[in-house]
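Take a look and give me a structure for this.
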Amino acid sequence: MRKQEFLSDLRQGLSGLPQEEIDGRIEFYSEQIDDRMEEGLTEEEAVASVGSVNDIVLQVVDEYPFPELIKVRIRSRRPMSALTIVLLILGSPIWLSRLIAAFAVVLSLYAVLWSVIVSLWAVFVSLAACAVIGPVGGIGFAIGGYVPSGLAVLAAALVCGGLAIFAFYGCKAASKGAARLTQKIVLAIKKACMRKGEAQ
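From the prediction side, this is the model:
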């Protein structure tokens with residue numbers, strides 16, 4: 001890919017952001033390509049070494065603050081006609097209630113996801129606590145003359161320790177997955193705001 005084609009695709013991918021942000025990014029990547037060409041790379045190699053346009057756009061959108069994106073979106077809106085305002089007001093009992101209901105459903109599903117993860121971590125803590133406290137109880141039973149019970153408690157503590165190790169890795173993976181899902185949702189919302197801003 002040639003430099004101008006790369007910069008053109010990047011400008012198109014970043015449309016919806018403020019113009020000064022787009023210009024700054026274009027200038028930055030143009031200098032990066034020029035620097036690599038001065039080091040002896042061909043134009044195509046220099047462009048390839050910078051990265052793909054899609055990855056750069058995703059990174060920029062991910063780093064851009066969401067409140068700033070909303071401000072840009074609001075500032076770029078055209079004024080609404082009187083008919084549009086009247087229709088919005090008259091239709092508000094229908095669309096507003098549905099919007100609130102949809103938001104509540106999405107929010108509750110998100111809360112359920114994180115409550116399941118919190119529950120998994122609670123199970124891990126319980127298993128780890130049993131693995132730590134179990135040997136003390138087992139030794140106490142054995143000293144008190146209840147050797148079979150003490151051995152059973154020690155065995156249960158070992159089992160809980162093994163399960164705690166598996167639970168830890170499962171909880172860690174689930175937490176990372178939920179965090180990635182959250183990041184993807186925020187990124188999708190940001191991209192949707194950018195597309196709407198670009199359409200206007």
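
residue ranges with poor pLDDT in this structure?
66, 68-80, 193-200 (pLDDT under 70).

Tell me the residue in it that is farthest from the middle.
G145 (55.4 Å; CA atoms, centre = their mean).

How about the secondary structure of that one?
coil (DSSP: H, G, I helix; E, B strand; the rest coil).

any idea how the chain splits into domains?
Domain assignment for the chain by automatic domain parsing gives 3-64, 96-199.

Same list (those domains) but as JSON lines, adding distance to I89.
C-beta coordinates here come from the backbone N, C-alpha and C atoms, glycine included. Output for the domains of the chain, formatted as JSON lines (distance: least, CB to CB, whole Å):
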{"stretch": "domain 3-64", "distance to I89": "28"}
{"stretch": "domain 96-199", "distance to I89": "10"}
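
tell me the most buried of those domains?
domain 3-64 (a mean of 15; mean count of other CB atoms under 10 Å).

my hunch is that G134 is in a helix, does that hold up?
Yes - assigned with three-state DSSP, G134 falls within a helix.

For it, which residues are in contact?
Each residue near G134 by CB atoms under 8 Å, 6 or more residues apart in numbering is listed here: V153, L154, A156, A157, L158, C160.

Once you drop chain neighbours, what's closest to it?
Spatial nearest neighbour of G134, chain neighbours left out: A157 (2.5 Å); criterion: CB to CB, 6 or more residues apart in numbering.

Please tell me how far the one you found sits from I139.
Separation of A157 from I139 (CB to CB, to the nearest Å): 10 Å.

L41 too?
For L41, the distance to I139 - CB to CB - is 68 Å.

again, but for E45
On the measure of CB to CB, E45 and I139 end up 68 Å apart.

Then A102?
Counting by CB to CB - A102 and I139 are separated by 57 Å.

before we move on, what about A156?
Taking CB to CB, one finds A156 at 13 Å from I139.

now swap in S115 and tell me
For S115 relative to I139 (CB to CB), the value is 37 Å.

going on from the helix or strand hosting V125, what's the next piece of helix or strand?
Using DSSP states H and E, V125 sits within helix 82-143. On the C-terminal side of helix 82-143, the nearest following helix or strand under DSSP H and E is helix 147-199.

Extract the CA atoms of stretch 176-189 and return them as CSV.
This file holds the C-alpha atoms of stretch 176-189, laid out as CSV (Å, rounded to 0.1, in the frame of the first residue of the first chain):
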residue,chain,number,x,y,z
LYS,A,176,-10.5,-11.2,31.7
GLY,A,177,-13.2,-12.3,29.3
ALA,A,178,-15.8,-10.0,30.9
ALA,A,179,-13.3,-7.1,30.9
ARG,A,180,-12.6,-7.7,27.1
LEU,A,181,-16.4,-7.9,26.5
THR,A,182,-16.8,-4.5,28.3
GLN,A,183,-14.0,-3.0,26.2
LYS,A,184,-15.6,-4.3,23.0
ILE,A,185,-19.0,-2.9,24.0
VAL,A,186,-17.6,0.5,24.7
LEU,A,187,-15.6,0.4,21.5
ALA,A,188,-18.8,-0.5,19.5
ILE,A,189,-20.7,2.4,21.1
